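>>> build me a structure from this.
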Amino acid sequence: MAKYIGAVDQGTTSSRFIIFDQRGRIVTLDQKEHRQIFPQPGWVEHDALEIWDNTQEVIRGALAKAGLKGKDLAAIGITNQRETLLVWDKRTGKPYYNAIVWQCTRSHEICKQLIAEGGQDRFREKTGLPVATYFSGPKIKWVLDNVDGARKAVEDGSAIIGTMETWIIWQLTGGAKGGAHVTDVTNASRTMLMNLHTLDWDDEILGILGIPRQGLPRIVPSSDSESWGPTEEDGPLKARIPVCGALGDQQAALVGQACFRKGEAKNTYGTGCFLLLNTGETPVPSNHGLVTTLAYQVRGEKPVYCLEGSIAIAGALVQWVRDNLGLIQTAPEIEDLAKEVDDNGGVYVVPAFQGLFAPYWRPDARGVMCGLTRYANKHHIARAVLEATAYQTKDIVEAMNKDSSVALSRLKVDGGMVANDLLMQLQADVLDVPVIRPKVSETTCLGAAYAAGLAVGFWSNLDELRQNWEEDKTWESRMSEEDRAAGYAMWGKAVERTLNWLE
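As a prediction, this is how the structure comes out:
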């Protein structure tokens with residue numbers, strides 16, 4: 001019997017392949033960054049062919065590092081940047097256009113028109129989502145309306161549509177030679193096209209957006225024992241391995257953190273920041289700016305739902321400080337810079353680079369740095385950069401507490417930024433709840449591995465996965481209630497300064 005599970009993590013800035021053992025521990029990994037393409041302000045693209053090349057490279061690289069072969073893996077799972085959208089020719093595998101990234105705001109005018117005709121919440125009852133540039137549906141409409149030949153090709157069946165897990169699964173299972181064209185329920189729930197109750201594409205919304213159903217992938221469970229197909233023997237694994245697990249990156253982290261009980265929550269600190277609360281087998285509508293979405297579904301079982309608060313810019317703000325301002329050479333240096341001062345010196349940074357996501361949903365907002373005086377220095381700015389992530393998370397938790405009527409009592413955390421101890425302490429201070437980091441912080445990839453492993457019986461049930469979870473470190477609040485309230489009030493004033501920047 002194969003001893004390991006492999007998982008592809010096709011993220012916003014890089015692609016990785018991680019191999020896990022029975023205990024959910026990392027055996028080996030490989031990672032490669034891809035280019036971020038900015039054709040104009042607010043537009044963000046990726047080269048999908050570069051991403052597929054990188055995915056193959058990291059699969060081969062991870063196997064080589066551990067001296068393993070593809071046949072040593074029992075199954076493959078996929079996790080991905082969720083709303084990033086691609087249209088490609090299924091006969092050649094050639095994209096009609098670059099992948100349009102979840103952060104991209106080019107569909108602003110489309111969304112403005114949709115809102116003018118029926119309000120921002122016109123699809124919320126069916127999809128759990130507000131009308132926003134964040135989601136894939138308006139991006140699909142933009143490609144079909146603006147890229148030569150794309151609409152005609154989708155209509156005649158020669159072109160197909162998908163988010164990045166659909167692209168990777170299609171390539172892994174044969175590509176132009178008959179690869180599986182599927183999307184799991186979690187990714188489908190991020191398109192603004194899937195009905196949360198039927199788990200199928202909604203014909204009314206497809207009609208309003210002018211998106212042909214035949215171009216869309218088949219919606220499948222996240223953990224699917226009816227495998228979508230094995231990998232190709234001439235592919236990067238050099239073996240026929242079932243591809244049978246897929247989860248959008250934030251739902252994958254929820255699964256990787258073993259948040260299987262109603263009321264359990266996790267926050268992932270990556271390019272953006274995403275807090276998910278398991279609400280059980282019933283979708284809970286949000287009245288406070290959150291989205292209702294799928295958490296996961298195991299084949300043969302009822303789907304599990306969650307509430308989510310999505311923050312567009314978290315780790316990306318640190319990258320901006322590094323790449324655009326040149327204040328640091330590497331991302332971890334932000335912690336050393338910020339540690340030199342005891343407070344932010346009155347400086348607040350709100351990174352509304354592509355507008356504000358939850359709970360505001362304001363595409364007209366743009367980033368601000370405010371409270372500057374001659375006293376402020378680079379150390380205060382660095383601390384304000386870290387506080388921006390902590391305060392944005394506080395906004396989400398406040399909304400979540402109102403929607404769920406259950407006050408958050410502790411927060412499991414994961415993602416690249418959780419290595420920053422100062423940020424984790426700031427988060428505990430701002431929230432006034434324990435912040436808990438697991439021993440395996442690569443929970444996104446682990447969740448995808450779990451989905452695939454459950455499908456093939458590598459793991460028998462959710463209880464076995466729960467037993468794999470181990471705590472690494474917990475941070476408790478050290479801040480007074482007075483300081484907490486004062487800091488959050490100033491954050492609110494800073495957020496107000498971002499609004500109405502664009503007409």
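>>> for stretch 109-125, measure first residue to last.
Using CA to CA, to the nearest Å, one end of stretch 109-125 lies 22 Å from the other.
>>> give me the contact list for it.
Residues from elsewhere that reach stretch 109-125 (CB atoms under 8 Å, 6 or more residues apart in numbering): 129-133, 138, 141-142, 192, 205, 208, 285, 292, 361, 363. The way it works is simple: take the backbone N, C-alpha and C, and place the C-beta from them, glycine included.
>>> contacting residues for the nearest residue to residue 406 once chain neighbours are set aside?
Distances taken as CB to CB, 6 or more residues apart in numbering place residue 263 nearest to residue 406, at 5.8 Å, with adjacent residues excluded. Shown in contact with residue 263 (CB under 8 Å, 6+ apart): 277-278, 404, 406.
>>> just those: which are in helices?
residue 404 (DSSP state H).
>>> given the helix or strand harbouring residue 16, what are its sheet partners and their directions?
Element membership for residue 16, per DSSP states H and E: strand 14-20. Within its sheet, strand 14-20 is paired with strand 4-10 (antiparallel), strand 26-33 (antiparallel), according to DSSP bridges.
>>> part of a helix, is residue 183?
No - using DSSP: H, G, I helix; E, B strand; the rest coil, the secondary structure at residue 183 is strand, not a helix.
>>> that one and residue 246: what is the separation?
Relative to residue 246, residue 183 is positioned 8 Å away (CB to CB, to the nearest Å).
>>> and the two? Which one has more around it.
In terms of neighbours (other CB atoms under 10 Å), residue 246 is the more surrounded of residue 183 and residue 246; the figures are 34 against 26.
>>> with adjacent residues omitted, what lies nearest to the more buried one?
residue 184 (4.1 Å).
>>> residue 488 touches residue 393, doesn't it?
No - using CB atoms under 8 Å, residue 488 is not in contact with residue 393; the gap is 11.4 Å.
>>> please enumerate the shared neighbours of these two.
With CB under 8 Å, 6+ apart, residue 488 and residue 393 have common neighbours residue 430.
>>> ok, those two, which is more surrounded?
residue 393 (25 against 15).
>>> ok, the more buried one - contacts?
267, 273, 275, 309, 311, 427, 430-431.
>>> repeat for residue 329
Neighbours of residue 329 in contact, by CB under 8 Å, 6+ apart: residue 322.
>>> so it is in which element?
Secondary structure (DSSP H and E) places residue 329 outside all helices and strands.
>>> now residue 68
Counting by DSSP H and E, residue 68 is part of no helix or strand.
>>> that one contacts residue 21, correct?
No - in this structure, residue 68 is not within contact of residue 21 by CB under 8 Å, at 11.3 Å.
>>> which neighbours do those two share?
Common contacts of residue 68 and residue 21 (CB under 8 Å, 6+ apart): 4, 27.
>>> hang on, the earlier thing: give me the mean pLDDT for the strand holding residue 16.
Averaged over strand 14-20, pLDDT sits at 96.
>>> buried sites along it?
Neighbour counts over strand 14-20 (16 or more other CB atoms under 10 Å) mark 15-20 as buried.
>>> who's in contact with that strand?
The contact list for strand 14-20, computed with CB under 8 Å, 6+ apart, reads 4-9, 26-34, 51, 54-55, 58-59, 61-63, 66, 68, 73, 442, 445-446, 449.
>>> check what pLDDT the spatially most distant residue from the centre of the chain gets.
Distance from the centre of the chain peaks at residue 374, with 38.2 Å (CA atoms, centre = their mean). If you check residue 374, the pLDDT there is 96.
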